[in-house]
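In: can you look at this prediction? I've put the sequence above it.
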Amino acid sequence: MTQPVISARGVSKRFVTHKQRATSLKERIVRRKAVTEGEFWALRDVDITVGQGETVGLIGPNGAGKSTLLKVLAGILRATSGEVQVEGRIASLLELGAGFNGELTGRENVYLNAALLGLSRKEVDGLLDSIVEFSEQGERIDDPVKHYSSGEYVKLAFSIAVHVDPDVLLVDEVLAVGDEAFARKCLAKITEFQQAGKTILFVTHALDLVEQLCTRGIVVDHGRVQYDGDPSYAVGTLRKILGTDRPVGEPPAPEPRGAYVHAAIPSLTAGGPRTAEVLAGQPLHVCVEVEVLAAADVFAGDVIVVLVGAGDIPIFSMRTPPGQGVPAVPGRYTVEFVVEHAPALNGSFILAVQVEDPETGYPLAVARFDEAVKGRGGDLPGILAVPATSAVLPRSGAA
Amino acid sequence: MATEAPGAAVPPLGDRSELARRRARAQSRVSWELLSQLVRKDLKVKYQGSVLGFAWSLANPLLLMGIYYLIFGVVLNNGVPGFAIFLMCGLLPWTAFSAAVSTASGTVVGNAGLVKKVRFPLQVLPLSAVGYALVHFVLQLVVLLLVTTIFRHDFSPAFLLIVPALALLLLFSTAFSYLVSALNVRYRDTAHAVEIALLVWFWLNPILYTSTLVKDKLDQYHLFWAYFLNPMATVVTTFQRAIFVKDGYVNTKPPHAIGHALADPGYAFYLRNLAIGFVIAGLLFLFARRVFTRMQADFAEEL
């Protein structure tokens, strides 16, 4: 990691719930003792160090403490305990049009916002044109912002935040409001920021975005950091927490009984290193590590691996022949599947593994490995990249 | 997981951290730019869409002056010549102070949207309340000075007293604004208490009555100095000394009329009071700023 720009050590944040807090003098005196009762820890012992140039996706269920963490890092909330240090100019987009005054015009709000970020009028004069252009407001920049739509608000706010040349950009789930064209522009700008070595931290529920943009994913739940590292794994971890790693309507997976799937590792050669990509026509090996647990009833199990594509469509399945799966002896086994000629796949794929009782078909263990492999079969849409040729035939009846 | 620093685009490490530190400082310090932007915003929002706009800021004190003049100058006939001007010398600084303080008491709460969502130096909020009141005051003062010079046709060195009087008004208003804006976040009673206190406090200043009356009552106990423990009384009397009476005018027309409107015709008296006022206001300022900086970290949470 390069030079740390954001560092939080042992940060906890306690909120006293509103009902309990005395806001008037009378209440203060009358209920002096009651104040500590309704407390709630929004953050517990959070340690995060973010280096210069990292793009971190902060994800988690609603109410997990993501926004609180962002506000603590932005210096808006004071941590109850722990230490926070952030270097450089922080631009934050914590809410739609925060810091905007509806009565003022877009232009006046640009000056006001920039002043809040510590810029001088002169500096803003130089930036104004590009801010207006990026925000796509044109003539509307001289309208009071109370007449703006929520999308226009965000465009202007984002435009200001990225043009003031911040060292750290903190963004809380606001970009979702802009239209697709603007979203694309934002992404391009963020990429530009990444290249310029700026540090970006954003909270989002658009998990695809995390995988697409971030160099790192942090999963927060119940005020604690549950995972910090690879964005794809972060997304997978969150999906497990949310229970969205199963398609809608499917009953929750039964508790693993008697077996546990540790990993499903795709590789290009037998026992080779993990590959992230399936190459069309090349062999694809999938090593599944299964542990048969010393439970009361120990079962032998058939192992099934399903490659699942976007929209939870199973592409193909592989299974051990009946009776040739893992034996009913506790221990850790590796089951290797080989596809001699992998199909030309296109997109990201999940490896779903199930171990089932060969007699009853009852699942002993289920597991999903998100973003296990990717295929870059071609530029055309479709999960399968099937080569096709075309020819323009002469018009029938002509000549 | 950490990306490699893209070398070309990034300035050398040392430069960058120095720059970063400077920018972090710029973001947590109150700049003139920010202050003027906020004051401008408040003015714009207040007078937006009104035809007369800023002229309204003159309407309020003019109306008050009209009423007070009618009641105290004409009906009760208090015998102060040029009572209208005497009145304005006290009323304008007092209005500025009370506007600053009552605006300040609601400023953090009123800007909750900003405080909770944007990181900026929060001290600018009470300061902008003072700035807002000051802009009005300066405008009103200019009008008052114009009116006085038109009717009097001369300038007096006493005019220079406006400078320290204005400075004291500014310091004291700022100190008080810091205090009430911070306290009102946790104790919402503050704003209400301030409103009441200002009503009472108004009468502790020689605005509608002359300081001579107070002097007559207090001098026998040698307590007249205590009256000026209230820096606003000093501000008001100093403004009266600066604008209301010219040099010589006081001395040539004793013992009644103008000479009696002011407690003292000289300068030393006012300079002494100003010194007392600055000490009190200065101490209050230090205390209030401490309270503010202590409490501000919890503003976002308490709103």
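Out: Structure's in. What do you need?
In: which positions in the stretch 101-250 of chain B make contact with chain A?
Out: By the rule C-beta under 8 Å from any C-beta of the partner chain, the part of the stretch 101-250 of chain B lying against chain A is B:113-120, B:186-189. Using the backbone N, CA and C atoms, a C-beta is placed for each residue, glycine as well.
In: let's see 6 Å
Out: Contact residues, the stretch 101-250 of chain B versus chain A (C-beta under 6 Å from any C-beta of the partner chain): B:114, B:117-120, B:187-189.
In: could I get these as a markdown table with pLDDT?
Out: Formatted as a markdown table, those follow (pLDDT from 0 to 100):
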| residue | pLDDT |
| --- | --- |
| B:114 | 86 |
| B:117 | 85 |
| B:118 | 85 |
| B:119 | 85 |
| B:120 | 88 |
| B:187 | 88 |
| B:188 | 88 |
| B:189 | 89 |
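In: top of those residues by neighbour count?
Out: Neighbour tally across those (other C-beta atoms under 10 Å in any protein chain shown): the maximum, 25 neighbours, falls on residue B:119.
In: most widely separated two among the residues of the stretch 101-250 of chain B next to chain A?
Out: The span of those, defined through C-beta to C-beta, is set by B:119 and B:189 at 28.5 Å.
In: phi first, then psi, for residue B:135.
Out: Reported as degrees, to the nearest 10, the phi and psi values for residue B:135 are phi -60, psi -50.
In: any stretches of the stretch 251-399 of chain A with poor pLDDT?
Out: Scanning the stretch 251-399 of chain A for pLDDT under 70 picks out the ranges A:251-257, A:295-297, A:311, A:371, A:397-399.
In: all strands of it, in order?
Out: Assigned by DSSP state E, counting those that start in this stretch, the stretch 251-399 of chain A shows strands spanning A:259-267, A:277-278, A:284-292, A:302-309, A:313-319, A:331-339, A:346-356, A:363-376.
In: which positions in the stretch 101-250 of chain A make contact with chain B?
Out: With the criterion set to C-beta under 6 Å from any C-beta, the stretch 101-250 of chain A comes near chain B through A:101, A:103, A:111-112, A:115-116, A:118, A:120-121, A:167, A:195-197, A:215-216, A:229.
In: try it again at 7 Å.
Out: A:101, A:103-104, A:111-112, A:115-118, A:120-121, A:167, A:195-197, A:215-216, A:229-230 (C-beta under 7 Å from any C-beta of the partner chain).
In: look at residue 181 and give its secondary structure.
Out: Unless you meant another one, I'm taking chain A. helix (DSSP: H, G, I helix; E, B strand; the rest coil).
In: just the pLDDT at it, thanks.
Out: According to the prediction, residue A:181 has pLDDT 83.
In: residues near it, how many?
Out: Residues lying near residue A:181 (other C-beta under 10 Å) number 9.
In: which sections of the stretch 101-250 of chain B are below the confidence cut-off?
Out: For the stretch 101-250 of chain B, the stretches flagged by pLDDT under 70 are B:152-155, B:245-250.
In: 50 instead?
Out: The model of the stretch 101-250 of chain B has pLDDT under 50 over residues B:247-250.
In: and what of the stretch 101-250 of chain A?
Out: The stretch 101-250 of chain A contains no residues with pLDDT under 50.
In: burial measure for the nearest residue to residue A:302 once chain neighbours are set aside, as a count.
Out: Nearest non-adjacent residue to residue A:302, counting by C-beta to C-beta, 6 or more residues apart in numbering or on different chains: residue A:325, 4.0 Å away. By the criterion of other C-beta under 10 Å, residue A:325 has 25 neighbours.
In: my guess is residue A:325 meets residue A:304, correct?
Out: No. The criterion here is C-beta atoms under 7 Å, and residue A:325 misses it with residue A:304 at 8.9 Å.
In: for the stretch 251-399 of chain A, list the residues in contact with chain B, please.
Out: Counting by C-beta under 7 Å from any C-beta, no residue of the stretch 251-399 of chain A is near chain B.
In: show the end-to-end separation of stretch B:175-194, please.
Out: 14 Å (C-alpha to C-alpha, to the nearest Å).
In: again with stretch A:206-225
Out: Start and end residues of stretch A:206-225 are separated by 19 Å (C-alpha to C-alpha).
In: please spell out which residues along that stretch are buried.
Out: A:206-207, A:209-211, A:213-221, A:223-225 (16 or more other C-beta atoms under 10 Å in any protein chain shown).
In: now find how far off-centre that stretch is within its chain.
Out: 4 Å (C-alpha atoms, centre = their mean, to the nearest Å).
In: which ones are touching the residue nearest to residue A:302?
Out: Contacts here follow C-beta atoms under 7 Å, 6 or more residues apart in numbering or on different chains; on that basis residue A:325 touches A:300-303, A:358.
In: so who does the closest residue to residue A:14 other than its chain neighbours touch?
Out: Leaving aside its sequence neighbours, residue A:14 sits nearest to residue A:80 (C-beta to C-beta, 6+ apart; 4.4 Å). Shown in contact with residue A:80 (C-beta under 7 Å, 6+ apart): A:12-14.
In: would you reformat those as CSV and include neighbour count?
Out: As requested, the contacts of residue A:80 are exported to CSV (neighbours: other C-beta atoms under 10 Å in any protein chain shown):
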residue, neighbour count
A:12, 17
A:13, 23
A:14, 16
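In: including pLDDT, could those go into TSV?
Out: Output for the contacts of residue A:80, formatted as TSV (pLDDT from 0 to 100):
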residue	pLDDT
A:12	90
A:13	89
A:14	87
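In: if I look at residue B:223, how far off is chain A?
Out: Using C-beta to the nearest C-beta, to the nearest Å, residue B:223 is found at 32 Å from chain A.
In: just give me the neighbour total for that residue.
Out: Under the neighbour criterion other C-beta under 10 Å, residue B:223 is assigned a count of 11.
In: and it, backbone torsions?
Out: Note on residue B:223: its backbone torsions stand at phi -120, psi 10 [degrees, to the nearest 10].
In: can you check the one 10 residues further on too?
Out: For residue B:233, the backbone dihedrals are phi -60, psi -40 (criterion: degrees, to the nearest 10).
In: with mean neighbour count as added columns, please give the strands of the stretch 251-399 of chain A in CSV.
Out: Shown next, in CSV, are the strands of the stretch 251-399 of chain A (neighbours: other C-beta under 10 Å):
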stretch, mean neighbour count
strand A:259-267, 20
strand A:277-278, 18
strand A:284-292, 21
strand A:302-309, 21
strand A:313-319, 14
strand A:331-339, 15
strand A:346-356, 22
strand A:363-376, 21
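In: need the ones you listed in CSV with distance to residue A:4, can you?
Out: Shown next, in CSV, are the strands of the stretch 251-399 of chain A (distance: least, C-beta to C-beta, whole Å):
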stretch, distance to residue A:4
strand A:259-267, 32
strand A:277-278, 32
strand A:284-292, 36
strand A:302-309, 38
strand A:313-319, 42
strand A:331-339, 39
strand A:346-356, 31
strand A:363-376, 28
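In: which one of those strands lies nearest to residue A:73?
Out: Closest among the strands of the stretch 251-399 of chain A, using C-beta to C-beta: strand A:363-376, at 27.4 Å.
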